[in-house]
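K.L.:
Need coordinates for the below:
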Amino acid sequence: MIEEQYKKLARQYQTALTRDVVPFWERNSMDPLNGGYFTCLDRRGVVYDTDKFIWLQARQAWIFAMLCDQLNPIDQWLEVSKSGIDFLIKHAMSEQGEFYFSTTDSGKPLVAPYNIFSDCFAAMAFSQYAKVASDQQTMDLAYQTYQNILKRSKNPKGKYNKNMGNRPLKDFALPMILSNLVLEMEHLLPQSEIDETLGRCVQEVMEVFVDHDRGLIHEYVGLDGQFIDSFEGRLINPGHGLEAMWFMLDIGEYQQDAKLINRAVELILSILEFGWDNHYGGIFYFLDKQGHPPQQLEWDQKLWWVHLETLVALAKAMKYSNKSELEAWYKKVHDYTWKHFPDPEFGEWYGYLNRQGQPHLTLKGGKWKGCFHVPRALFQCWKSFEELSSKNNI
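P.N.:
Model (predicted):
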């Protein structure tokens, strides 16, 4: 690509972020009565359910604090973030400091804190808000929550774990998220703690869960890292693997580790080769490594976050590598994503397409989709293409 193409792409992502996606959530998601956000929004942005899912509250609070930090310290954005932060502090924590999965609109707990990922995104939100607002309370909460996550990391679900112990498994999602969380909290953590946690996460992500022969990342492995011949053990989630690879690229840049960067680039390409639907286009949600029928009935759907995280991974990879395959894959994924996911009539992006690429659900937010993957990816791609255009102009 030439400099002008990179500049055009940067403008495309910037415009979508600042003129479409961010205003959509500002306009439709705020709860002026109880604070926090409504995430269950239909195609037009109308609220269709008022329950609040804590990880989505935290994710949106983080997004608006991040925009203040990275773009402009706009008072309106900071107030949006503060609304979520205040709701998290008042209503989201159990007496033990663990974060519920969901509450009513007014903050009464609905689902117990069985999922450590609510805690991970709460730590991210507190950390980013503390940074832009210079707020000591949220700074302390961020560090406290981070420490609680480390304590729970060997048994994330604790008493809520349904596994009977006869086939104990290790989950890819936690080391993947921790590898991003540590860099997000860099300004709060001692360097020794950053180095230790990143080292452990990189080793898990790039060694324990990777099938080096196939260039694929398992969602689950045995406790000693062995691959298990079962539904869970054969499960490949291409989107998770690709998202993790841009986390690895960020760590590679942070540590100036060219070997890690090159390995992440290779895995991006091999995961895409495996996960792409050659018949209809797009990236499958779930696949069985051996080609058996997956147990997830939604395995062939095309999801927003999978394609957006792939675009981030490819855009970042193109900053470090001149491999022609990266540019070819970027164009293929970009064309599919921008053709099928954005809603030109009512704004924001569809989340769920069927295999053929038609909207399976027209919602803009729900229990799993909120104000996170779309704006984060648009921001990341915008900044990557700005860097590429500057690099290409030197």
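K.L.:
make it CA atoms for all contacts and neighbour counts henceforth
P.N.:
Will do.
K.L.:
tell me, which helix in the chain spans the most residues?
P.N.:
In the chain, taking DSSP state H as the definition, the longest helix is helix 373-393.
K.L.:
Test my guess that W305 contacts P375.
P.N.:
No. Here W305 lies out of contact with P375, judged by C-alpha atoms under 8 Å, at a distance of 10.6 Å.
K.L.:
Comparing those two, which shows the higher neighbour count?
P.N.:
P375 (25 against 20; other C-alpha atoms under 10 Å).
K.L.:
Would you confirm that that one contacts V21?
P.N.:
Yes. Counting by C-alpha under 8 Å, V21 is a contact partner of P375 at 6.6 Å.
K.L.:
where does V182 fall, helix, sheet strand or coil?
P.N.:
Recorded secondary structure, V182: helix (DSSP: H, G, I helix; E, B strand; the rest coil).
K.L.:
where's the closest residue to it other than its chain neighbours, which helix or strand?
P.N.:
Counting by C-alpha to C-alpha, 6 or more residues apart in numbering, V182 lies nearest to I194, which is 6.3 Å off, once chain neighbours are set aside. Following DSSP states H and E, one finds I194 within helix 191-203.
K.L.:
quick one: that helix to chain centroid distance?
P.N.:
Its chain's C-alpha centre and that of helix 191-203 lie 20 Å apart, by C-alpha atoms, centre = their mean, to the nearest Å.
K.L.:
For that helix, buried residues please.
P.N.:
Across helix 191-203, burial judged by 16 or more other C-alpha atoms under 10 Å covers 194, 197-198, 201-202.
K.L.:
C-terminal to that helix, what's the next element?
P.N.:
Counting by DSSP H and E, what follows helix 191-203 is strand 210-211.
K.L.:
Show me the contact partners of that next one.
P.N.:
216-218 (C-alpha atoms under 8 Å, 6 or more residues apart in numbering).
K.L.:
Tell me the spacing between the closest residue to L308 other than its chain neighbours and K108.
P.N.:
Leaving aside its sequence neighbours, L308 sits nearest to A377 (C-alpha to C-alpha, 6+ apart; 5.8 Å). Distance of A377 to K108, given as C-alpha to C-alpha, to the nearest Å: 32 Å.
K.L.:
swap in R11?
P.N.:
Going from R11 to K108 by C-alpha to C-alpha gives 42 Å.
K.L.:
do the same with F227
P.N.:
According to C-alpha to C-alpha, F227 and K108 sit 41 Å apart.
K.L.:
for K331, same thing?
P.N.:
46 Å.
K.L.:
what residue ranges in the chain score low on pLDDT?
P.N.:
Of all residues in the chain, those with pLDDT under 70 make up the ranges 156-162, 164, 392-394.
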